[in-house]
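In: pasting the sequence and the predicted coordinates here, then a few questions.
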Amino acid sequence: RRKWKRVVGVLRELEEACETPVGRLRQVVDAMAVEMHAGLASEGGSKLKMLLTFVDHLPTGSEIGTYYALDLGGTNFRILRVQLGGRRSSILSQDVEQRPIPQHLMTSTSEDLFDFIASTLKQFVEKEENGSEPSSVRARELGFTFSFPVKQLSIHSGILIKWTKGFAIEDMVGKEVVGLLEAALVRSGLDMRVAVLVNDTVGTLALGHYDDADTVAAVIIGTGTNACYLERADAIIKCQGLLITSGCMAVNMEWGNFWSSHLPRTSYDIDLDLESPNPNDQGFEKMISGMYLGDIVRRVILRMSQESDIFGPVSSRLSIPFILQAPLLAAMHEDDSPELKEVDKILKETLEISEVSLKVRKLVVRICDVVTRRAARLAAAGIVGILKKIGRDGSGGVAGGRSRSDSKMRRTVVAIEGGLYTRYMMFREYLHEALHEILGEDVAQHVILKVTEDGSGIGGALLAAANSSSS
Ligand code: ADP
């Protein structure tokens, strides 16, 4: 019985350390807005990189014609061909091909990688165009969604800062990536121009804006997390003098790296960070995104198991990093069977913990709840931080002119994507709940989170269209 008391102590400690009352969330909101300012003021002024995208106009619906997109950002790459009808939300057809990147190409040379991509692209184009009218006088245009850290030089060029996600093609770091792709297109004999280079959040923003003109920001919460939004050109102090015709530019926040002393941090977060390949990096992401949530829960269960015998002998599985993935966490959290059968099954099959009582299974659900709720509420605070920065949080006075709140609060849409948000109902509900708590009902009713699908692919094609040489 003393053992159980120890476990309850560990749980209470976790609950306290993860607490996110609305006052604390508001501090996170403020910190986010402040860091955004700092990141826009100077290069390296904040942990938020606030990368310029050079995207100064988003698709409006008037785009017409056929455009291609290449989406490279993980283990697969995808090629799309999208036909646009010239009205908002009028995608007439789209064809997609997805291919895994052969393992050896991820660590080979840029020439090998891009030759492979170019030849796949060429086959795709020939297959799609076969039988149809010979393509018009206009050259084919491509949107290139490249979701790695890039220092953008213009809307259609940028330098690879570093590789992530298992890629390690050394000769490419520090190089301009569009030039490398275009050289490979020439070698393959494919006549195609790269109209834009963007990252996936910008693609999501573009697709959101194409569907709904009130879209001002985009957030991705999947394996990782990131956000971008539309900023006034004159607020981007670090690039004053840049010619921006529309007066706005999409800014890629790289918000996964946000940090603030107001974030509720536990000893599990600290250990997870220390043992990660990138300590001190991506602090916000490590508390929020799908890659990490399960691992925080694993660490709590491990600690409880070490301090008591409620889980039986300590399972060696509990020491395997990332063994508990977000979908399993969600399945346990959302188990609504009276006996918690799903929890029992996952404990057995994944963690090799068997024969635990219902009381212990309930405890596991509680841990999932605490960790996921904190994540969702912090993500909500991040979103409100963006709204605050652009004067859409109803507080008024921030962005010139809009003084009093609800009557003048404009409809504000945030495009959102990512498996954690779209497939984990409890996460989504907690996020919405926190958004309403922070903003208050009067303002929250004007803020709409809208799920887009495949912004990284379709959004790339839309941006190619919006920035076409013929438009
Ligand atoms: P990406 O890997 O590009 O972020 P997604 O946006 O599809 O791709 O997100 C996938 C991630 O979403 C997974 O790594 C996982 O963390 C999370 N996820 C997927 N399905 C679920 C689910 N059913 N419950 C909870 N999280 C999920």
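Out: Arrived safely.
In: and His333, how far from Gln325?
Out: Using C-beta to C-beta, to the nearest Å, His333 is found at 13 Å from Gln325. (Each C-beta comes from the backbone N, C-alpha and C, glycine too.)
In: more neighbours, those two?
Out: Set His333 next to Gln325 and count neighbours by other C-beta atoms under 10 Å: His333 wins out with 24 against 17.
In: mind listing what the one residue in the stretch 351-471 of the chain that gets nearest to the ligand touches?
Out: Ranked by C-beta to the nearest ligand atom, the top residue of the stretch 351-471 of the chain for proximity to the ligand is Gly419, at 2.4 Å. Gly419 makes contact with Gly222, Thr223, Gly290, Ala326, according to C-beta atoms under 8 Å, 6 or more residues apart in numbering.
In: among those, which ones are in strands?
Out: Among those, DSSP state E puts none in strands.
In: quick one, phi/psi of the closest residue in space to Arg392 that isn't next to it in sequence?
Out: Once flanking residues are discounted, Arg392 sits nearest to Thr412: 4.6 Å by C-beta to C-beta, 6 or more residues apart in numbering. Main-chain dihedrals, Thr412, degrees, to the nearest 10: phi -130, psi 120.
In: distance check, Thr412 against Ser89.
Out: For Thr412 relative to Ser89 (C-beta to C-beta), the value is 19 Å.
In: comparing the two, which residue is more hemmed in?
Out: A side-by-side neighbour count of Thr412 and Ser89, using other C-beta under 10 Å, places Thr412 first with 20 against 10.
In: shaky segments in the chain?
Out: Residue ranges of the chain with pLDDT under 70: 1-2, 131-138, 241-245, 397-407, 471.
In: the ligand contacts on that one?
Out: Contact residues, the chain versus the ligand (C-beta under 6 Å from any ligand atom): 74, 222-223, 290-291, 326-327, 330, 418-420, 423-424.
In: among these, who's most crowded?
Out: Ranking the residues of the chain next to the ligand using other C-beta under 10 Å puts Leu420 first, with 28 neighbours.
In: tell me if that one really is in a helix.
Out: Yes. Assigned with DSSP: H, G, I helix; E, B strand; the rest coil, Leu420 falls within a helix.
In: who's in contact with the closest residue to it other than its chain neighbours?
Out: Of all residues not flanking Leu420 in the chain, Gly290 sits nearest, at 4.2 Å (C-beta to C-beta, 6+ apart). Contact analysis of Gly290 by C-beta under 8 Å, 6+ apart lists Ile221, Gly222, Thr223, Gly224, Gln325, Ala326, Gly418, Gly419, Leu420.
In: ok, the first one - how many residues close by?
Out: When you say that, I think you mean Ile221. 28.
In: among the contacts of Gly419, name the ones in helices.
Out: Among those, DSSP state H puts Gly290, Ala326 in helices.
In: let's have the contacts of Gly419 in TSV, adding distance to Glu275.
Out: Converted to TSV, these look like this (distance: C-beta to C-beta, whole Å):
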residue	distance to Glu275
Gly222	22
Thr223	18
Gly290	18
Ala326	18
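In: which of the contacts of Gly419 lies closest to Pro277?
Out: The shortest approach to Pro277 among the contacts of Gly419 belongs to Thr223, at 14.9 Å (C-beta to C-beta).
In: I'd guessed that closest one sits against Tyr292; true?
Out: No. The criterion here is C-beta atoms under 8 Å, and Thr223 misses it with Tyr292 at 9.3 Å.
In: tell me the secondary structure of Glu128, please.
Out: Per three-state DSSP, Glu128 ends up helix.
In: show me what contacts the residue in the stretch 51-200 of the chain positioned nearest to the ligand?
Out: Nearest residue of the stretch 51-200 of the chain to the ligand (C-beta to the nearest ligand atom) works out as Gly74 at 5.8 Å. Contact partners of Gly74, counting by C-beta under 8 Å, 6+ apart, are Ser147, Lys165.
In: does the residue nearest to the spatial centre of the chain lie in a helix or a strand, and which?
Out: For the chain, Ile220 is the residue whose C-alpha lies nearest the centre (C-alpha atoms, centre = their mean; 2.7 Å). Using DSSP states H and E, the element containing Ile220 is strand 215-221.
In: buried set for that strand?
Out: The neighbour-count check on strand 215-221 (16 or more other C-beta atoms under 10 Å) flags Thr215, Val216, Ala217, Ala218, Val219, Ile220, Ile221 as buried.
In: same check, this time on stretch 50-63
Out: For stretch 50-63, burial by neighbour count (16+ other C-beta under 10 Å) applies to Met50, Leu51, Leu52, Thr53, Phe54, Val55, Asp56, His57, Leu58, Pro59, Gly61, Glu63.
In: list the ones among these that fall in strands.
Out: Reading strands off the buried residues of stretch 50-63 with DSSP E, I get Leu51, Leu52.
In: for the buried residues of stretch 50-63, which one is nearest Val384?
Out: Proximity of those to Val384 (C-beta to C-beta) peaks at Met50, which lies at 17.5 Å.
In: gap between that closest one and Gly39?
Out: Taking C-beta to C-beta as the criterion, Met50 is separated from Gly39 by 3 Å.
In: only C-alpha atoms, please: export stretch 168-185 in CSV.
Out: In CSV, the C-alpha atoms belonging to stretch 168-185 read as follows (Å, rounded to 0.1, in the frame of the first residue of the first chain):
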residue,chain,number,x,y,z
ALA,A,168,23.0,13.5,-45.1
ILE,A,169,24.1,14.7,-48.6
GLU,A,170,27.1,16.7,-47.6
ASP,A,171,27.8,18.4,-50.9
MET,A,172,24.4,20.0,-50.8
VAL,A,173,24.7,21.9,-47.5
GLY,A,174,25.3,25.6,-48.2
LYS,A,175,24.2,25.2,-51.8
GLU,A,176,21.3,26.8,-53.6
VAL,A,177,18.8,24.0,-54.0
VAL,A,178,16.7,25.1,-56.9
GLY,A,179,19.8,25.4,-59.1
LEU,A,180,20.6,21.8,-58.4
LEU,A,181,17.1,20.7,-59.2
GLU,A,182,17.0,22.7,-62.5
ALA,A,183,20.3,21.4,-63.6
ALA,A,184,19.0,17.8,-63.2
LEU,A,185,15.8,18.8,-65.1
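In: for it, give me every contacting residue.
Out: Contact partners of stretch 168-185, identified using C-beta under 8 Å, 6+ apart, comprise 70, 106-111, 113-115, 117-118, 121, 144, 146, 150, 153, 156-163, 192-194, 197.
In: which parts of the stretch 301-450 of the chain are helices?
Out: Secondary structure of the stretch 301-450 of the chain by DSSP state H, counting those that start in this stretch: the helices cover 326-333, 341-349, 358-389, 419-423, 425-439, 441-444.
In: show me the domain layout of the chain.
Out: Residue ranges for the domains of the chain, per automatic domain parsing: 1-53+211-454, 54-198.
In: re the thing from before, helices and strands around the strand holding Ile220, which ones?
Out: Under the contact criterion of 3 or more C-beta pairs under 8 Å, 6 or more residues apart in numbering; DSSP states H and E, strand 215-221 touches helix 200-211, strand 225-232, helix 358-389, strand 412-417, helix 419-423.
In: ok, 7 Å please
Out: Here strand 215-221 touches helix 200-211, strand 225-232, helix 358-389, strand 412-417, going by 3 or more C-beta pairs under 7 Å, 6 or more residues apart in numbering; DSSP states H and E.
In: given the second one, what are its sheet partners and their directions?
Out: Taking DSSP bridges as the criterion, strand 225-232 forms sheet pairs with strand 215-221 (antiparallel), strand 248-252 (antiparallel).
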